[in-house]
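In: Generate a structure from the sequence data that follows.
(one chain, ligands or ions: 2)
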Amino acid sequence: MSLSSIIKNIPKAELHLHIEGSLTPELMWRLAEKHSVSLPYASVEEIEAAYNFEDLQSFLDLYYAGAGVLRDEDDFFALMWEYLTRCHEDNIVHTEIMFDPQTHTERDIGFDIFMPGFLKAMEKAKDEYGISSYLIMSFLRHLPEDAAFDTLSAAEPYYEHITAIGLDSSELGHPPSKFERVFKKAKALGFKIVAHAGEEGPASYIWEAIELLDVDRIDHGVRCQEDEALMDLLKERQIPLTVCPLSNLKLCVINDMKDHNIVQLLDAGLLVTVNSDDPTYFGGFLNDNFEALHQSLGIDEKTVRTLVANSFKASFLPQEQKNQLVEKVLSA
Ligand code: HPA
Ligand SMILES: [Zn+2]
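Out: Ligands and ions are numbered 1, 2, ... in the order given. Just a heads-up that it's a prediction; the model follows:
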């Protein structure tokens, strides 16, 4: 079997995916028409052509604008259902999905609109595709910590449906320390914790995420290599990194996929996983990310299996289920 077929057919997990970043230009167009929202584009092709980013901020400006077409429960259902249908086609059997409530509550669209839409699609995917999915509620770090506290309170009726709390948006100038108190509360409430750190920000932000937020995983984390002591800690504690290769390329964290350090991180003994981040904005879903690593870095079947096994190891699934899935991937 070719490596492309192995990549496609192997059952895998995705751990770093922003649901608002899976909005296709076609759905954006359809919802803009439905709600008479004016977009600064004349066609679906023009939307796609606009996806030329210089850095994280230039992407986020478009990403938040694009999310403006999501207005009612059916829209959030359609968004989630399209992503989970793609998971089914790509053999993603488990996914841990981030959503940004503040992107919607700032537009007066509340939890009672987006949560039922998300949850209905997730239940349908469990029934029809056998896909399990968890939700990670992420705070926007460019907003104040008080706003994160308000978001945590507003989510209370839905706590049973949320597995983890995360931190995303503009990294530079907004270190994890800004959110130490709200994450302490989230931890006390029993949530798992993740945070974007070391994507554009320095290694010190990864230290802060570990020491101040007590994270279970680091999202991105590719700049950890700048600090040897940090590399030692990540290895010793096997703190997972959810790496997103096409995202790093598109946001100019790297200049060429051949320069990506994912294989070096893996060889250094870190628990590294592959993820798509914002697939419709960055030019590829999960299997495309594996394919890009194969094309540019020459990763082989053994490395693909290790990375996929890591996706289950680093997940928040129950331990016994993780063990079974890891065994299945490595023994084939
Ligand atoms: O890659 C990302 N980094 C930070 N915030 C984000 N929000 C969506 N995607 C990202
Ligand atoms: Zn991300």
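
In: CA atoms for contacts and neighbours, from now on please.
Out: Noted.

In: Does Leu251 touch Glu199 like I think?
Out: No - the pair Leu251 and Glu199 does not pass the contact test of C-alpha atoms under 8 Å, sitting 9.7 Å apart.

In: Please identify the helix or strand for Tyr134.
Out: For Tyr134, the element it lies in under DSSP states H and E is strand 132-140.

In: Any residues of the stretch 101-250 of the chain in contact with ligand 1? List them.
Out: Asp168, Ser169, Ser170 (C-alpha under 6 Å from any ligand atom).

In: need the contact list for the last one.
Out: Right, Ser170. Leu56, Gln57, Leu60, Leu140, Arg141, His142 (C-alpha atoms under 8 Å, 6 or more residues apart in numbering).

In: pLDDT value on Met257, please?
Out: With respect to pLDDT, Met257 scores 98.

In: ditto for Pro40
Out: At Pro40, pLDDT is 89.

In: Distance-wise, check it relative to ligand 1.
Out: Distance, Pro40 to ligand 1, by C-alpha to the nearest ligand atom, to the nearest Å: 21 Å.

In: Start at 371, not 1
Out: Okay, residue one is now 371; in that scheme the one you just asked about reads as Pro410.

In: hang on, isn't Ile377 packed against Asp658?
Out: No - between Ile377 and Asp658 there is no contact under C-alpha under 8 Å: 9.0 Å.

In: Of the two, give the one with the bigger neighbour count.
Out: Each of Ile377 and Asp658 has its neighbours counted (other C-alpha atoms under 10 Å); Ile377 has more, 23 against 20.

In: For that one, which non-adjacent residue is spatially closest?
Out: Counting by C-alpha to C-alpha, 6 or more residues apart in numbering, Ile377 lies nearest to Asn657, which is 6.3 Å off, once chain neighbours are set aside.

In: now Leu695
Out: Nearest one to Leu695, counting by C-alpha to C-alpha, 6+ apart, is Phe682 at 6.7 Å.

In: I figured that neighbour hits Lys698, correct?
Out: No - the criterion here is C-alpha under 8 Å, and Phe682 misses it with Lys698 at 10.7 Å.

In: if we can go back for a sec, burial of the residue nearest to Ile377, as a residue count?
Out: With other C-alpha under 10 Å as criterion, Asn657 counts 22.

In: same check, this time on Pro514
Out: Neighbour tally, Pro514, other C-alpha under 10 Å: 13.

In: Angles on the backbone of it, please.
Out: The phi/psi pair for Pro514 (degrees, to the nearest 10) reads phi -70, psi 160.

In: try Leu621
Out: phi -90, psi 10.

In: Now it. Nearest residue, chain neighbours left out?
Out: Excluding the flanking residues, the one nearest Leu621 by C-alpha to C-alpha, 6+ apart is Asp425, at 4.6 Å.

In: Can you name the residues that contact that neighbour?
Out: Leu621, Cys622, Val623.

In: Helix, strand or coil: sort out the nearest residue to the last one once chain neighbours are set aside for me.
Out: Nearest residue to Val623 in three dimensions, chain neighbours excluded: Glu570, at 6.7 Å (C-alpha to C-alpha, 6+ apart). Applying DSSP: H, G, I helix; E, B strand; the rest coil to Glu570 yields a three-state assignment of coil.
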